[in-house]
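Q: Okay, sequence plus prediction incoming.
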Amino acid sequence: MISIGGVIGTGLFLGTATALMEGGPVGLLLGYTFMGTMCYCVMITVGEMIALLPIPGGHIRHAERFVDPAFSFAMGWNCWYCWTFTIPAELSAAATLLDYWNPGVNNAVWITMCLIVAVGINLFGVGTYGEMEFIFASVKVITITGLLILGIVLDLGGGPSHDRIGFRYWRNPGPFVQFDGIAGAKGRFLGFVRVLIQAAFSFIGTEVVTMAAAEMKNPRYTMPRAIRTVYIRILLFYIGGVFIIGLLVPSDDPLLSLDSSNASSSPFVIAINRAGIRYLPSVLNATILTSAWSASSSDLYLSSRGLYGLAATGNAPKFFLRTSRSGHPYVAVIFCSLFSLLSYMVVNTSSGIVFTWFADMTATTGLLAWFCIGVTYVRFHQGLLAQGYDRKRLPYASRLQPYASWWVIASSLATLLFSGWQVFLKANWSNATFVTTYLPVTLFPVLYLSAKFLMQVPLVKPSEMDFKSGTGDMDTEGSKEPSPKNWREAIWMNLT
(Lines give C-alpha, C1' and ligand atoms only; values in the text may rest on other atoms or scores of the structure.)
Protein backbone atom coordinates (compact mmCIF):
# COMPACT_ATOMS: atom_id res chain seq x y z
CA MET A 1 0.00 0.00 0.00
CA ILE A 2 2.87 2.39 0.78
CA SER A 3 4.45 1.81 -2.65
CA ILE A 4 1.10 2.42 -4.36
CA GLY A 5 0.18 5.51 -2.33
CA GLY A 6 3.69 6.89 -2.43
CA VAL A 7 3.23 8.09 -6.02
CA ILE A 8 0.38 10.41 -5.00
CA GLY A 9 1.18 13.80 -3.50
CA THR A 10 0.55 17.52 -3.53
CA GLY A 11 2.10 17.77 -6.99
CA LEU A 12 -1.02 16.06 -8.35
CA PHE A 13 -3.54 17.49 -5.89
CA LEU A 14 -2.30 21.11 -5.86
CA GLY A 15 0.50 21.67 -8.38
CA THR A 16 -1.71 20.75 -11.33
CA ALA A 17 -3.48 24.09 -10.81
CA THR A 18 -0.51 26.01 -12.22
CA ALA A 19 0.06 23.42 -14.95
CA LEU A 20 -3.55 23.67 -16.17
CA MET A 21 -3.44 27.46 -16.11
CA GLU A 22 -0.19 27.60 -18.13
CA GLY A 23 -0.67 24.68 -20.52
CA GLY A 24 -4.41 24.18 -20.95
CA PRO A 25 -6.19 20.80 -20.65
CA VAL A 26 -4.45 19.16 -23.62
CA GLY A 27 -1.07 20.69 -22.73
CA LEU A 28 -1.54 19.36 -19.20
CA LEU A 29 -2.40 15.89 -20.45
CA LEU A 30 0.49 15.77 -22.93
CA GLY A 31 2.95 17.07 -20.34
CA TYR A 32 1.99 14.42 -17.80
CA THR A 33 2.04 11.71 -20.47
CA PHE A 34 5.54 12.76 -21.54
CA MET A 35 6.75 12.76 -17.94
CA GLY A 36 4.95 9.47 -17.32
CA THR A 37 7.02 7.78 -20.04
CA MET A 38 10.16 9.11 -18.37
CA CYS A 39 9.02 7.86 -14.96
CA TYR A 40 8.25 4.39 -16.31
CA CYS A 41 11.63 4.18 -18.04
CA VAL A 42 13.36 5.30 -14.82
CA MET A 43 11.59 2.56 -12.89
CA ILE A 44 12.49 -0.25 -15.29
CA THR A 45 16.03 1.13 -15.47
CA VAL A 46 16.67 1.27 -11.73
CA GLY A 47 14.58 -1.89 -11.25
CA GLU A 48 16.89 -4.02 -13.37
CA MET A 49 19.92 -2.93 -11.34
CA ILE A 50 18.29 -3.14 -7.90
CA ALA A 51 16.79 -6.59 -8.54
CA LEU A 52 20.29 -7.91 -9.26
CA LEU A 53 22.02 -5.85 -6.57
CA PRO A 54 19.61 -5.10 -3.69
CA ILE A 55 22.26 -3.30 -1.67
CA PRO A 56 21.86 -0.50 0.93
CA GLY A 57 21.89 2.90 -0.72
CA GLY A 58 20.22 1.65 -3.91
CA HIS A 59 21.04 3.53 -7.10
CA ILE A 60 23.49 5.83 -5.29
CA ARG A 61 25.71 2.86 -4.43
CA HIS A 62 25.22 1.47 -7.94
CA ALA A 63 26.75 4.68 -9.32
CA GLU A 64 29.87 3.95 -7.26
CA ARG A 65 30.16 0.44 -8.71
CA PHE A 66 29.43 1.21 -12.34
CA VAL A 67 30.56 4.82 -12.89
CA ASP A 68 32.99 6.03 -10.19
CA PRO A 69 32.95 7.13 -6.52
CA ALA A 70 32.97 10.83 -7.49
CA PHE A 71 29.78 10.39 -9.52
CA SER A 72 28.20 8.58 -6.57
CA PHE A 73 29.26 11.44 -4.27
CA ALA A 74 27.63 14.10 -6.48
CA MET A 75 24.54 11.97 -7.01
CA GLY A 76 24.16 11.29 -3.28
CA TRP A 77 24.29 14.96 -2.31
CA ASN A 78 21.96 15.87 -5.18
CA CYS A 79 19.40 13.33 -3.92
CA TRP A 80 19.77 14.61 -0.36
CA TYR A 81 19.20 18.16 -1.63
CA CYS A 82 16.09 16.98 -3.48
CA TRP A 83 14.56 15.18 -0.49
CA THR A 84 15.47 17.93 1.98
CA PHE A 85 14.01 20.83 0.00
CA THR A 86 10.85 18.89 -0.80
CA ILE A 87 9.95 19.19 2.90
CA PRO A 88 9.38 22.99 2.86
CA ALA A 89 7.59 22.57 -0.49
CA GLU A 90 5.10 20.18 1.08
CA LEU A 91 4.69 22.33 4.19
CA SER A 92 4.00 25.37 2.00
CA ALA A 93 1.40 23.28 0.16
CA ALA A 94 -0.19 22.40 3.50
CA ALA A 95 -0.41 26.10 4.39
CA THR A 96 -2.05 26.78 1.01
CA LEU A 97 -4.63 24.07 1.64
CA LEU A 98 -5.36 25.25 5.20
CA ASP A 99 -5.96 28.77 3.89
CA TYR A 100 -9.12 27.33 2.37
CA TRP A 101 -10.84 27.36 5.77
CA ASN A 102 -9.18 30.27 7.58
CA PRO A 103 -7.63 32.69 5.07
CA GLY A 104 -7.04 35.34 7.72
CA VAL A 105 -4.80 33.21 9.97
CA ASN A 106 -1.04 33.73 9.77
CA ASN A 107 0.52 30.91 7.74
CA ALA A 108 3.20 30.46 10.39
CA VAL A 109 0.55 28.78 12.56
CA TRP A 110 -0.17 26.16 9.88
CA ILE A 111 3.52 25.60 9.17
CA THR A 112 4.28 25.04 12.87
CA MET A 113 1.41 22.58 13.25
CA CYS A 114 2.42 20.53 10.20
CA LEU A 115 6.11 20.67 11.10
CA ILE A 116 5.43 19.21 14.53
CA VAL A 117 3.55 16.31 12.91
CA ALA A 118 6.29 15.58 10.35
CA VAL A 119 9.22 15.81 12.77
CA GLY A 120 7.33 13.98 15.51
CA ILE A 121 6.63 10.99 13.26
CA ASN A 122 10.33 10.71 12.40
CA LEU A 123 11.62 11.15 15.95
CA PHE A 124 9.50 8.22 17.13
CA GLY A 125 11.38 5.86 14.83
CA VAL A 126 10.78 3.69 11.80
CA GLY A 127 7.93 1.71 13.37
CA THR A 128 5.77 4.79 13.87
CA TYR A 129 6.79 6.10 10.45
CA GLY A 130 5.73 2.87 8.74
CA GLU A 131 2.37 2.72 10.48
CA MET A 132 1.54 6.36 9.73
CA GLU A 133 2.65 6.06 6.10
CA PHE A 134 0.39 3.04 5.66
CA ILE A 135 -2.57 5.07 6.96
CA PHE A 136 -1.70 8.10 4.83
CA ALA A 137 -1.17 5.97 1.72
CA SER A 138 -4.51 4.24 2.21
CA VAL A 139 -6.28 7.61 2.50
CA LYS A 140 -4.60 8.89 -0.67
CA VAL A 141 -5.43 5.81 -2.74
CA ILE A 142 -9.07 5.87 -1.65
CA THR A 143 -9.24 9.63 -2.28
CA ILE A 144 -7.85 9.64 -5.82
CA THR A 145 -9.95 6.61 -6.78
CA GLY A 146 -13.07 8.34 -5.49
CA LEU A 147 -12.14 11.57 -7.29
CA LEU A 148 -11.76 9.77 -10.61
CA ILE A 149 -15.21 8.21 -10.26
CA LEU A 150 -16.77 11.48 -9.08
CA GLY A 151 -15.12 13.38 -11.93
CA ILE A 152 -16.64 11.08 -14.55
CA VAL A 153 -20.06 11.40 -12.93
CA LEU A 154 -19.85 15.22 -12.83
CA ASP A 155 -18.63 15.45 -16.41
CA LEU A 156 -21.53 13.34 -17.63
CA GLY A 157 -24.08 15.51 -15.83
CA GLY A 158 -24.53 13.57 -12.63
CA GLY A 159 -23.98 16.60 -10.34
CA PRO A 160 -26.66 18.64 -8.55
CA SER A 161 -27.10 20.95 -11.57
CA HIS A 162 -27.19 18.03 -14.06
CA ASP A 163 -24.94 20.08 -16.34
CA ARG A 164 -23.30 17.77 -18.87
CA ILE A 165 -19.84 19.29 -19.34
CA GLY A 166 -18.25 16.82 -21.74
CA PHE A 167 -15.29 18.45 -23.53
CA ARG A 168 -16.71 21.97 -23.22
CA TYR A 169 -13.56 23.47 -21.74
CA TRP A 170 -11.41 21.89 -24.44
CA ARG A 171 -13.29 24.10 -26.91
CA ASN A 172 -13.61 27.23 -24.76
CA PRO A 173 -11.21 28.56 -23.50
CA GLY A 174 -9.40 25.97 -25.64
CA PRO A 175 -7.13 22.90 -25.54
CA PHE A 176 -3.92 24.92 -25.12
CA VAL A 177 -2.93 28.22 -23.50
CA GLN A 178 -0.98 30.84 -25.43
CA PHE A 179 1.76 31.26 -22.85
CA ASP A 180 2.48 34.88 -21.91
CA GLY A 181 0.23 35.99 -24.75
CA ILE A 182 2.58 34.60 -27.43
CA ALA A 183 0.46 33.76 -30.46
CA GLY A 184 0.51 30.64 -32.59
CA ALA A 185 2.23 27.29 -32.20
CA LYS A 186 5.17 28.88 -30.37
CA GLY A 187 2.98 30.08 -27.51
CA ARG A 188 1.23 26.71 -27.22
CA PHE A 189 4.53 24.82 -27.25
CA LEU A 190 6.03 27.06 -24.57
CA GLY A 191 2.94 26.49 -22.41
CA PHE A 192 3.37 22.72 -22.82
CA VAL A 193 7.05 22.96 -21.87
CA ARG A 194 6.14 24.87 -18.71
CA VAL A 195 3.86 21.98 -17.70
CA LEU A 196 6.81 19.58 -17.78
CA ILE A 197 8.65 21.00 -14.76
CA GLN A 198 5.49 20.87 -12.63
CA ALA A 199 4.75 17.35 -13.85
CA ALA A 200 8.29 16.39 -12.90
CA PHE A 201 7.64 17.53 -9.33
CA SER A 202 4.58 15.25 -9.25
CA PHE A 203 6.48 12.18 -10.46
CA ILE A 204 9.81 12.74 -8.70
CA GLY A 205 10.36 10.29 -5.86
CA THR A 206 8.62 7.31 -7.44
CA GLU A 207 12.00 5.58 -7.68
CA VAL A 208 12.85 5.90 -3.96
CA VAL A 209 10.98 2.69 -3.18
CA THR A 210 14.08 0.94 -4.51
CA MET A 211 16.15 2.53 -1.71
CA ALA A 212 14.54 0.11 0.71
CA ALA A 213 15.23 -2.98 -1.43
CA ALA A 214 18.01 -4.18 0.88
CA GLU A 215 15.55 -4.23 3.80
CA MET A 216 12.78 -6.03 1.89
CA LYS A 217 12.00 -9.68 2.25
CA ASN A 218 12.82 -11.42 -1.04
CA PRO A 219 13.68 -8.24 -3.03
CA ARG A 220 14.38 -10.21 -6.21
CA TYR A 221 10.70 -11.09 -6.32
CA THR A 222 9.05 -8.05 -4.75
CA MET A 223 10.96 -5.41 -6.76
CA PRO A 224 10.24 -6.84 -10.25
CA ARG A 225 6.58 -7.22 -9.30
CA ALA A 226 6.39 -3.58 -8.22
CA ILE A 227 8.14 -2.44 -11.41
CA ARG A 228 5.85 -4.42 -13.70
CA THR A 229 2.73 -2.74 -12.32
CA VAL A 230 4.04 0.83 -12.10
CA TYR A 231 2.58 1.74 -15.49
CA ILE A 232 -0.91 0.97 -14.15
CA ARG A 233 -0.40 3.46 -11.32
CA ILE A 234 0.92 6.10 -13.72
CA LEU A 235 -2.02 5.67 -16.10
CA LEU A 236 -4.70 5.43 -13.42
CA PHE A 237 -3.59 8.05 -10.89
CA TYR A 238 -1.69 10.62 -12.91
CA ILE A 239 -2.86 10.45 -16.50
CA GLY A 240 -6.42 9.70 -15.38
CA GLY A 241 -6.31 12.44 -12.74
CA VAL A 242 -5.12 15.24 -15.03
CA PHE A 243 -7.56 14.15 -17.75
CA ILE A 244 -10.46 14.57 -15.31
CA ILE A 245 -9.10 17.93 -14.11
CA GLY A 246 -8.93 19.20 -17.70
CA LEU A 247 -12.55 18.22 -18.26
CA LEU A 248 -13.97 19.84 -15.12
CA VAL A 249 -12.02 23.09 -14.69
CA PRO A 250 -11.44 25.75 -17.38
CA SER A 251 -7.83 26.85 -17.73
CA ASP A 252 -8.79 30.52 -17.25
CA ASP A 253 -10.36 30.02 -13.81
CA PRO A 254 -8.72 32.70 -11.58
CA LEU A 255 -8.64 30.33 -8.57
CA LEU A 256 -5.98 28.24 -10.34
CA SER A 257 -3.31 30.89 -9.82
CA LEU A 258 -0.99 29.87 -6.97
CA ASP A 259 0.81 33.20 -7.34
CA SER A 260 -2.13 35.08 -5.90
CA SER A 261 -2.43 35.91 -2.21
CA ASN A 262 -5.71 34.00 -1.88
CA ALA A 263 -4.88 30.72 -3.57
CA SER A 264 -6.48 28.18 -1.29
CA SER A 265 -7.60 25.01 -3.04
CA SER A 266 -6.70 22.27 -5.50
CA PRO A 267 -8.27 21.88 -8.96
CA PHE A 268 -10.33 19.00 -7.60
CA VAL A 269 -11.83 21.24 -4.91
CA ILE A 270 -12.47 23.95 -7.51
CA ALA A 271 -14.28 21.42 -9.69
CA ILE A 272 -16.51 20.22 -6.85
CA ASN A 273 -17.32 23.80 -5.86
CA ARG A 274 -18.26 24.59 -9.46
CA ALA A 275 -20.56 21.56 -9.44
CA GLY A 276 -22.38 22.97 -6.40
CA ILE A 277 -21.75 20.05 -4.03
CA ARG A 278 -21.86 21.28 -0.43
CA TYR A 279 -19.53 20.15 2.37
CA LEU A 280 -17.56 17.75 0.15
CA PRO A 281 -14.88 20.38 -0.74
CA SER A 282 -13.95 20.73 2.93
CA VAL A 283 -13.79 16.97 3.38
CA LEU A 284 -11.66 16.63 0.26
CA ASN A 285 -9.34 19.45 1.28
CA ALA A 286 -8.80 17.71 4.61
CA THR A 287 -7.86 14.42 2.92
CA ILE A 288 -5.53 16.24 0.53
CA LEU A 289 -3.89 17.83 3.57
CA THR A 290 -2.90 14.35 4.74
CA SER A 291 -0.90 13.94 1.52
CA ALA A 292 1.16 17.02 2.46
CA TRP A 293 1.76 15.60 5.94
CA SER A 294 2.64 12.22 4.46
CA ALA A 295 5.01 13.63 1.86
CA SER A 296 6.81 15.93 4.33
CA SER A 297 7.36 13.13 6.86
CA SER A 298 8.42 10.74 4.09
CA ASP A 299 10.91 13.22 2.64
CA LEU A 300 12.33 13.90 6.11
CA TYR A 301 12.76 10.15 6.55
CA LEU A 302 14.53 9.86 3.17
CA SER A 303 16.77 12.90 3.67
CA SER A 304 17.87 11.78 7.14
CA ARG A 305 18.63 8.23 5.96
CA GLY A 306 20.33 9.61 2.89
CA LEU A 307 22.56 11.82 5.05
CA TYR A 308 23.30 8.85 7.32
CA GLY A 309 24.26 6.81 4.25
CA LEU A 310 26.55 9.58 2.98
CA ALA A 311 28.27 9.65 6.36
CA ALA A 312 28.61 5.85 6.37
CA THR A 313 30.47 5.95 3.03
CA GLY A 314 32.72 8.81 4.13
CA ASN A 315 30.98 11.44 2.00
CA ALA A 316 29.60 13.39 4.98
CA PRO A 317 30.86 14.18 8.53
CA LYS A 318 30.96 11.16 10.83
CA PHE A 319 28.86 12.72 13.61
CA PHE A 320 25.79 12.09 11.44
CA LEU A 321 26.33 8.40 12.22
CA ARG A 322 25.25 8.88 15.83
CA THR A 323 22.15 6.84 16.64
CA SER A 324 19.96 6.02 19.60
CA ARG A 325 20.11 2.63 21.31
CA SER A 326 17.48 1.36 18.87
CA GLY A 327 19.56 2.48 15.87
CA HIS A 328 17.54 5.63 15.12
CA PRO A 329 19.79 8.29 13.43
CA TYR A 330 18.47 11.16 15.53
CA VAL A 331 21.33 13.56 14.68
CA ALA A 332 20.62 13.27 10.94
CA VAL A 333 16.88 13.69 11.58
CA ILE A 334 17.37 16.85 13.65
CA PHE A 335 19.81 18.35 11.14
CA CYS A 336 17.53 17.74 8.16
CA SER A 337 14.57 19.09 10.14
CA LEU A 338 16.32 22.46 10.38
CA PHE A 339 15.87 23.00 6.63
CA SER A 340 12.13 22.70 7.14
CA LEU A 341 12.27 26.14 8.75
CA LEU A 342 12.63 27.58 5.24
CA SER A 343 8.89 27.01 4.89
CA TYR A 344 8.36 30.04 7.18
CA MET A 345 9.06 32.14 4.09
CA VAL A 346 5.28 31.98 3.62
CA VAL A 347 4.92 34.58 6.39
CA ASN A 348 6.01 37.39 4.07
CA THR A 349 5.09 35.79 0.73
CA SER A 350 2.07 33.92 -0.61
CA SER A 351 2.19 30.25 0.36
CA GLY A 352 1.38 29.37 -3.24
CA ILE A 353 4.40 31.29 -4.52
CA VAL A 354 6.72 29.66 -1.96
CA PHE A 355 5.34 26.24 -2.91
CA THR A 356 6.15 26.98 -6.57
CA TRP A 357 9.74 28.01 -5.70
CA PHE A 358 10.50 24.85 -3.77
CA ALA A 359 8.63 22.65 -6.26
CA ASP A 360 10.86 23.99 -9.06
CA MET A 361 13.99 23.32 -6.98
CA THR A 362 13.07 19.76 -6.13
CA ALA A 363 11.85 19.00 -9.66
CA THR A 364 15.20 20.11 -11.07
CA THR A 365 17.23 18.02 -8.62
CA GLY A 366 14.89 15.07 -9.20
CA LEU A 367 15.45 15.26 -12.95
CA LEU A 368 19.20 15.32 -12.30
CA ALA A 369 18.79 12.14 -10.23
CA TRP A 370 16.92 10.53 -13.12
CA PHE A 371 19.71 11.57 -15.49
CA CYS A 372 22.25 9.93 -13.15
CA ILE A 373 20.20 6.73 -13.03
CA GLY A 374 20.20 6.63 -16.84
CA VAL A 375 23.96 7.15 -17.00
CA THR A 376 24.54 4.49 -14.35
CA TYR A 377 22.44 1.96 -16.28
CA VAL A 378 24.30 2.63 -19.55
CA ARG A 379 27.52 1.80 -17.74
CA PHE A 380 25.86 -1.20 -16.04
CA HIS A 381 24.78 -2.50 -19.47
CA GLN A 382 28.29 -2.04 -20.85
CA GLY A 383 29.66 -4.06 -17.96
CA LEU A 384 27.22 -6.91 -18.56
CA LEU A 385 28.26 -7.08 -22.21
CA ALA A 386 31.98 -6.83 -21.41
CA GLN A 387 31.81 -9.68 -18.89
CA GLY A 388 29.55 -11.91 -20.99
CA TYR A 389 26.46 -11.87 -18.77
CA ASP A 390 23.18 -13.09 -20.25
CA ARG A 391 20.50 -10.51 -19.40
CA LYS A 392 17.85 -13.23 -19.63
CA ARG A 393 19.27 -14.70 -16.41
CA LEU A 394 18.80 -11.46 -14.47
CA PRO A 395 16.02 -11.39 -11.83
CA TYR A 396 14.37 -8.66 -13.88
CA ALA A 397 15.14 -7.52 -17.43
CA SER A 398 13.11 -5.24 -19.69
CA ARG A 399 12.94 -5.60 -23.46
CA LEU A 400 13.06 -1.80 -23.73
CA GLN A 401 16.66 -1.64 -22.54
CA PRO A 402 19.09 -0.06 -23.20
CA TYR A 403 16.87 2.33 -25.20
CA ALA A 404 14.79 3.24 -22.14
CA SER A 405 17.87 4.47 -20.27
CA TRP A 406 18.92 6.60 -23.24
CA TRP A 407 15.40 8.08 -23.33
CA VAL A 408 15.75 8.98 -19.65
CA ILE A 409 19.09 10.70 -20.29
CA ALA A 410 17.93 12.66 -23.34
CA SER A 411 14.49 13.67 -22.04
CA SER A 412 15.75 14.70 -18.59
CA LEU A 413 18.47 16.87 -20.13
CA ALA A 414 15.97 18.50 -22.52
CA THR A 415 13.53 19.19 -19.67
CA LEU A 416 16.32 20.64 -17.51
CA LEU A 417 17.40 22.91 -20.35
CA PHE A 418 13.89 24.38 -20.68
CA SER A 419 13.02 24.27 -16.97
CA GLY A 420 13.31 28.02 -16.42
CA TRP A 421 13.18 29.30 -19.99
CA GLN A 422 10.41 31.83 -19.23
CA VAL A 423 12.84 34.14 -17.44
CA PHE A 424 14.56 34.82 -20.76
CA LEU A 425 11.40 36.21 -22.34
CA LYS A 426 11.31 39.98 -22.77
CA ALA A 427 10.43 41.80 -19.51
CA ASN A 428 9.92 38.47 -17.72
CA TRP A 429 13.15 38.13 -15.71
CA SER A 430 12.79 36.66 -12.22
CA ASN A 431 15.74 36.14 -9.88
CA ALA A 432 13.76 33.64 -7.79
CA THR A 433 12.78 31.51 -10.80
CA PHE A 434 16.29 31.54 -12.27
CA VAL A 435 17.94 30.52 -9.00
CA THR A 436 15.43 27.81 -8.07
CA THR A 437 15.59 26.14 -11.49
CA TYR A 438 19.19 26.54 -12.61
CA LEU A 439 21.18 26.52 -9.34
CA PRO A 440 21.02 22.70 -8.97
CA VAL A 441 21.95 22.28 -12.64
CA THR A 442 25.19 24.22 -12.09
CA LEU A 443 25.83 22.75 -8.64
CA PHE A 444 25.93 19.12 -9.79
CA PRO A 445 28.93 19.39 -12.16
CA VAL A 446 30.76 21.46 -9.52
CA LEU A 447 30.25 18.67 -6.98
CA TYR A 448 31.31 15.98 -9.45
CA LEU A 449 34.42 17.75 -10.73
CA SER A 450 35.50 18.74 -7.21
CA ALA A 451 35.11 15.16 -5.97
CA LYS A 452 36.89 13.88 -9.07
CA PHE A 453 39.83 16.20 -8.40
CA LEU A 454 40.07 15.37 -4.69
CA MET A 455 39.51 11.62 -4.99
CA GLN A 456 41.69 11.15 -8.08
CA VAL A 457 39.65 8.10 -9.13
CA PRO A 458 39.23 6.92 -12.74
CA LEU A 459 36.02 5.61 -14.30
CA VAL A 460 35.36 1.98 -13.44
CA LYS A 461 36.29 -0.20 -16.40
CA PRO A 462 33.40 -2.37 -17.71
CA SER A 463 35.59 -5.47 -17.43
CA GLU A 464 36.27 -4.69 -13.73
CA MET A 465 32.72 -3.88 -12.60
CA ASP A 466 31.54 -5.79 -9.54
CA PHE A 467 28.39 -7.84 -10.23
CA LYS A 468 29.12 -10.45 -7.58
CA SER A 469 29.21 -9.05 -4.05
CA GLY A 470 25.74 -8.67 -2.61
CA THR A 471 24.02 -10.74 -5.30
CA GLY A 472 24.09 -14.22 -3.81
CA ASP A 473 22.75 -16.84 -6.17
CA MET A 474 20.41 -15.49 -8.84
CA ASP A 475 18.79 -18.89 -9.19
CA THR A 476 17.96 -19.41 -5.51
CA GLU A 477 14.51 -20.54 -4.51
CA GLY A 478 13.96 -17.21 -2.70
CA SER A 479 13.91 -15.28 -5.97
CA LYS A 480 11.08 -17.34 -7.44
CA GLU A 481 7.53 -16.05 -7.43
CA PRO A 482 5.42 -17.78 -4.75
CA SER A 483 2.29 -19.52 -5.97
CA PRO A 484 -1.07 -18.09 -4.84
CA LYS A 485 -2.91 -20.19 -2.28
CA ASN A 486 -6.40 -19.32 -3.55
CA TRP A 487 -8.21 -17.25 -6.19
CA ARG A 488 -8.38 -14.18 -3.93
CA GLU A 489 -4.62 -14.19 -3.45
CA ALA A 490 -4.12 -14.70 -7.20
CA ILE A 491 -6.19 -11.59 -8.01
CA TRP A 492 -4.37 -9.51 -5.38
CA MET A 493 -0.93 -10.62 -6.63
CA ASN A 494 -1.87 -9.63 -10.18
CA LEU A 495 -3.13 -6.22 -9.05
CA THR A 496 -0.11 -5.39 -6.88
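A: Nice, I can see it. Note that the structure is a prediction, hence the values are computed from the model and not measured.
Q: Is residue 270 in contact with residue 257, as I believe?
A: No. In this structure residue 270 lies outside contact range of residue 257 using C-beta atoms under 8 Å: 11.3 Å. Placement of C-beta: from N, CA and C, glycine included.
Q: Quick one: neighbours of residue 298, just the number.
A: Neighbour count for residue 298, taken as other C-beta atoms under 10 Å: 27.
Q: Can you spell out which helices and strands pack onto the helix or strand harbouring it?
A: For residue 298, the enclosing helix or strand under DSSP states H and E is helix 280-312. Here helix 280-312 touches helix 10, helix 69-98, helix 107-123, helix 126-155, helix 267-275, helix 330-338, going by 3 or more C-beta pairs under 8 Å, 6 or more residues apart in numbering; DSSP states H and E.
Q: Comparing residue 270 and residue 257, which shows the higher neighbour count?
A: residue 270 (21 against 17).
Q: do you know how far that one is from residue 14?
A: 11 Å (C-beta to C-beta, to the nearest Å).
Q: So what touches stretch 88-98?
A: 9-10, 14-15, 105, 107, 110-111, 114-115, 118, 201, 258, 263-266, 285, 288-289, 292-293, 295-296, 299, 339-343, 345-346, 351-352, 354-355, 358-359, 361-362 (C-beta atoms under 8 Å, 6 or more residues apart in numbering).
Q: let's see it at 6 Å
A: Stretch 88-98 has contacts (C-beta atoms under 6 Å, 6 or more residues apart in numbering) with 10, 14, 107, 110-111, 114, 263, 285, 288-289, 292, 295-296, 340, 342-343, 346, 351-352, 354-355, 358-359, 362.
Q: And stretch 380-389, by the same measure?
A: Here stretch 380-389 has contacts from 49, 66, 402, 462-463, 465, using C-beta under 6 Å, 6+ apart.
Q: repeat for stretch 47-66
A: With C-beta under 6 Å, 6+ apart, stretch 47-66 has contacts from 46, 71-72, 75-76, 210-211, 213-214, 219-220, 223-224, 227, 309, 373, 376, 379-380, 394-397, 465-466, 470.
Q: Which members of the residues you listed occur in helices, if any?
A: Among those, the members falling in helices are 46, 71-72, 75-76, 219-220, 223-224, 227, 309, 373, 376, 379-380 (criterion: DSSP state H).
Q: what's downstream of whichever helix or strand residue 44 is part of, the next helix or strand?
A: Using DSSP H and E, residue 44 sits in helix 16-52. Per DSSP H and E, the first helix or strand lying C-terminal to helix 16-52 is helix 59-66.
Q: number of nearby residues for the spatially closest residue to residue 364 that is not a sequence neighbour?
A: Computed as C-beta to C-beta, 6 or more residues apart in numbering, the closest residue to residue 364 that is not its neighbour in sequence is residue 440, at 4.6 Å. By the measure other C-beta under 10 Å, the count of residues near residue 440 is 24.
Q: Give me the buried positions along stretch 186-202.
A: Of the residues in stretch 186-202, those buried under the neighbour-count criterion (16 or more other C-beta atoms under 10 Å) are 187-188, 190-202.
Q: before we move on, the earlier item: nearest to residue 150, of the contacts of stretch 380-389?
A: When these are ranked by distance to residue 150 (C-beta to C-beta), residue 49 comes first, at 39.6 Å.
Q: re the thing from before, quick one, the helix holding residue 298 and helix 267-275 angle?
A: 180 degrees (axes from the mean of the first three to the mean of the last three C-alpha atoms, to 10 degrees).
Q: which residue packs closest to residue 398, ignoring adjacent ones?
A: residue 44 (4.3 Å).
Q: Distance of residue 169 relative to residue 253?
A: 9 Å.
Q: Just the helices from the stretch 301-450 of the chain, written as ranges.
A: 330-338, 351-386, 403-417, 431-455 (DSSP state H, counting those that start in this stretch).
Q: out of those, which comes closest to residue 150?
A: Among the helices of the stretch 301-450 of the chain, helix 351-386 sits nearest to residue 150 (C-beta to C-beta), with 24.5 Å.
Q: Distance check, residue 149 against residue 237.
A: Noted for residue 149: a distance of 13 Å to residue 237, by C-beta to C-beta.
Q: Among those two, which residue is more densely surrounded?
A: residue 237 (22 against 11).
Q: Among the buried residues of stretch 186-202, which one lies nearest to residue 434?
A: residue 197 (13.1 Å).
Q: Run the chain-centre distance for the helix or strand hosting the closest one.
A: Element membership for residue 197 (DSSP H and E) is helix 184-203. Offset of helix 184-203 from its chain centre (C-alpha atoms, centre = their mean, to the nearest Å): 17 Å.
Q: For it, which outside residues touch it?
A: Contacts for helix 184-203 (C-beta under 6 Å, 6+ apart): 11-12, 15, 18-19, 22-23, 27-28, 30-32, 35, 39, 176-179, 359, 363, 367, 415, 418-419.
Q: okay, now residue 390: neighbour count?
A: Residue 390: 8 neighbours (other C-beta under 10 Å).
Q: can you pull the contacts of it?
A: No contacts exist for residue 390 under C-beta under 6 Å, 6+ apart.
Q: Likewise for residue 13?
A: With C-beta under 6 Å, 6+ apart, residue 13 has these contacts: 266, 288, 291.
Q: could I get those residues as a markdown table with neighbour count?
A: Converted to a markdown table, the contacts of residue 13 look like this (neighbours: other C-beta atoms under 10 Å):
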| residue | neighbour count |
| --- | --- |
| 266 | 30 |
| 288 | 28 |
| 291 | 28 |
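Q: any chance of those residues in CSV, plus distance to residue 159?
A: Below are these laid out as CSV (distance: C-beta to C-beta, whole Å):
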residue, distance to residue 159
266, 18
288, 20
291, 24
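Q: which regions of this structure sit below the pLDDT cut-off?
A: 1-9, 100-104, 125-127, 129, 209-217, 258-265, 346, 348-352, 470-496 (pLDDT under 70).
Q: who's in contact with the residue nearest the centre of the chain?
A: Centroid check for the chain by C-alpha atoms, centre = their mean gives residue 204 as the closest residue, at 2.2 Å. If you count contacts by C-beta under 6 Å, 6+ apart, residue 204 has them with residue 366.
Q: hmm, try it at 8 Å
A: 11, 82, 86, 362-363, 366-367, 369-370.
Q: Kindly indicate which of those residues lies nearest residue 318.
A: So of the contacts of residue 204, ranked by how close each gets to residue 318 (C-beta to C-beta), first place is residue 82, at 23.3 Å.
Q: overlap in contacts of residue 169 and residue 253?
A: With C-beta under 8 Å, 6+ apart, residue 169 and residue 253 have no common neighbours.
Q: of those two, who's got more company?
A: Taking neighbours as other C-beta under 10 Å, residue 169 and residue 253 compare with residue 169 leading, 21 against 17.
Q: how deep is residue 16 tucked in, by neighbour count?
A: 29.
Q: Ok, residue 80 next?
A: 24.
Q: Quick one: neighbours of the closest residue to it other than its chain neighbours, just the number.
A: Leaving aside its sequence neighbours, residue 80 sits nearest to residue 306 (C-beta to C-beta, 6+ apart; 4.6 Å). The tally of other residues near residue 306 (other C-beta under 10 Å) stands at 26.
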